[in-house]
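Student: here is a sequence with its predicted model. Questions after.
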Amino acid sequence: MATYDGVIDALGLREWCGGGDGGGGSAPMSMQELLARSRGESGGGGDGGSLWDLPFPSLDTLHDACAAIPETRDLTLGLERGFLSIRDALRVVVDPVTQPLSWMLRESLAVMTNTPWWIMMPLLLALVWLVSRSWRIVGFVAMSLALLALVDHYDAAMQTLAIIFVCAFICVLIGVPIGIAMSRSDRLQRIVIPILDMLQTLPPFVYLIPLIFLFSVTEPKLYGIAIILYAIVPVVRLTDLGIRLVDRDVIEAADAFGMTSRQKLFGVQIPLALPNIMAGVNQTIMMSLAMVVIASLVSAPGLGVLVLRGIRSLELGVGLVAGFGIVLLAIMLDRVTKASLARIDASQAKR
């Protein structure tokens with residue numbers, strides 16, 4: 001195979017690379033090189049191989065020709081060592097800030113799982129009625145919860161709901177003010193948008209990697225932070241979009257009445273942007289539910305644990321039933337939030 005030994009020699013970098021025969025010093029030969037030598041071919045020098053076989057000049061390829069060039073594993077090890085070197089300092093800052101999240105998750109899980117079903121289910125149905133004002137949705141939620149309880153998935157479903165309630169609440173609590181600030185500052189929007197793009201495009205498993213090194217697996221905030229980072233993007237984006245889409249004529253009318261910036265925000269912009277904000281809340285809840293399943297890899301309780309058990313133990317039935325339970329929860333939450341959004345739209349249409 002062609003290599004870059006000739007390029008290194010032509011540039012006069014052989015001495016900087018450590019001299020020798022350009023193959024990385026005394027490093028052991030690869031199986032490919034041994035087979036090539038046994039066939040009497042060149043060992044991969046600068047004049048061996050064809051241009052067709054020339055590999056891309058990656059770090060590993062260049063390292064084969066020049067031992068002084070670091071390998072890819074040197075880069076990854078450097079990142080790991082750098083993170084570990086600042087881990088203790090990060091904990092000093094992050095632990096006190098995120099500790100309330102652990103408390104909220106623990107208390108929510110305790111309340112949802114320790115409260116008897118004959119109290120918790122009516123409370124949830126009453127909450128659904130207050131939000132949706134639809135007996136059809138209340139009946140659907142009641143049937144879904146009864147079905148989950150019938151297959152002994154009630155406790156797991158309550159754990160999943162507890163995590164979603166806490167994480168979605170924190171997403172709204174943090175995301176709506178960020179979206180409002182973005183809508184009022186183009187400079188802040190230009191700064192935050194790339195961060196949101198990164199959070200939205202990162203694979204879900206990537207969120208867990210630094211958090212595993214930063215927190216103990218037994219701490220609820222480990223999976224709580226991952227869920228919040230993954231699910232906060234829609235509510236931020238749609239809050240910003242909703243406020244920016246408020247009709248300028250309405251803003252001018254508010255200015256004509258002498259409203260202050262605070263009065264315009266809470267009296268005009270947020271009420272008119274509420275449908276978009278609620279759509280963001282809906283998407284945040286759905287993304288929280290999706291991340292709860294993945295977070296079961298790092299001790300998040302709930303239906304995701306049963307799905308993970310079905311994968312690990314090849315128990316098809318367990319995985320399918322738990323997956324169906326997650327689908328039911330997703331439909332329930334989606335229907336309730338959309339009913340709330342429909343009520344908001346109807347109330348605004350009457351004005």
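Tutor: The structure has been received and is ready for your questions. Nothing here was measured: the structure is a model prediction, and the numbers come from that model.

Student: where along the stretch 251-351 of the chain do the strands fall?
Tutor: Remark: strands of the stretch 251-351 of the chain are absent; assignment by DSSP state E, counting those that start in this stretch.

Student: can you pull out the helices in it?
Tutor: 261-264, 270-295, 303-312, 316-350 (DSSP state H, counting those that start in this stretch).

Student: out of those helices, which gets nearest to Glu15?
Tutor: Glu15 sits nearest to helix 270-295 of all the helices of the stretch 251-351 of the chain, at 50.9 Å, using Cβ to Cβ. Where you see a C-beta, it was placed from the backbone N, CA and C, and this is true even at glycine.

Student: count of residues packed around the closest residue to Ala273 other than its chain neighbours?
Tutor: Nearest non-adjacent residue to Ala273, counting by Cβ to Cβ, 6 or more residues apart in numbering: Gly242, 3.1 Å away. For Gly242, the count of nearby residues is 23 (other Cβ atoms under 10 Å).

Student: equivalent analysis for Leu125, please.
Tutor: If you count neighbours by other Cβ under 10 Å, Leu125 ends up with 16.

Student: please, which helix or strand holds it?
Tutor: helix 117-132 (DSSP states H and E).

Student: avg pLDDT for that helix?
Tutor: Average pLDDT, helix 117-132: 95.

Student: could you identify the helix or strand that succeeds that helix?
Tutor: Going down the chain from helix 117-132, the next helix or strand is helix 135-150, by DSSP H and E.

Student: still on that earlier bit, next, the angle from the helix holding Leu125 to helix 135-150.
Tutor: Going by axes from the mean of the first three to the mean of the last three Cα atoms, to 10 degrees, helix 117-132 is angled at 150 degrees with respect to helix 135-150.

Student: off-centre distance for helix 117-132?
Tutor: 29 Å (Cα atoms, centre = their mean, to the nearest Å).

Student: what do you get for stretch 61-73?
Tutor: 34 Å.

Student: same check, this time on stretch 203-221
Tutor: Stretch 203-221 sits 11 Å away from the centroid of its parent chain (Cα atoms, centre = their mean).

Student: can you say which of the helices of the stretch 251-351 of the chain is packed in most?
Tutor: Most buried of these by mean neighbour count (mean count of other Cβ atoms under 10 Å) is helix 270-295; its value is a mean of 22.

Student: show me what it is packed against.
Tutor: Using 3 or more Cβ pairs under 8 Å, 6 or more residues apart in numbering; DSSP states H and E, the elements in contact with helix 270-295 are helix 154-184, helix 204-214, helix 220-231, helix 233-244, helix 303-312, helix 316-350.
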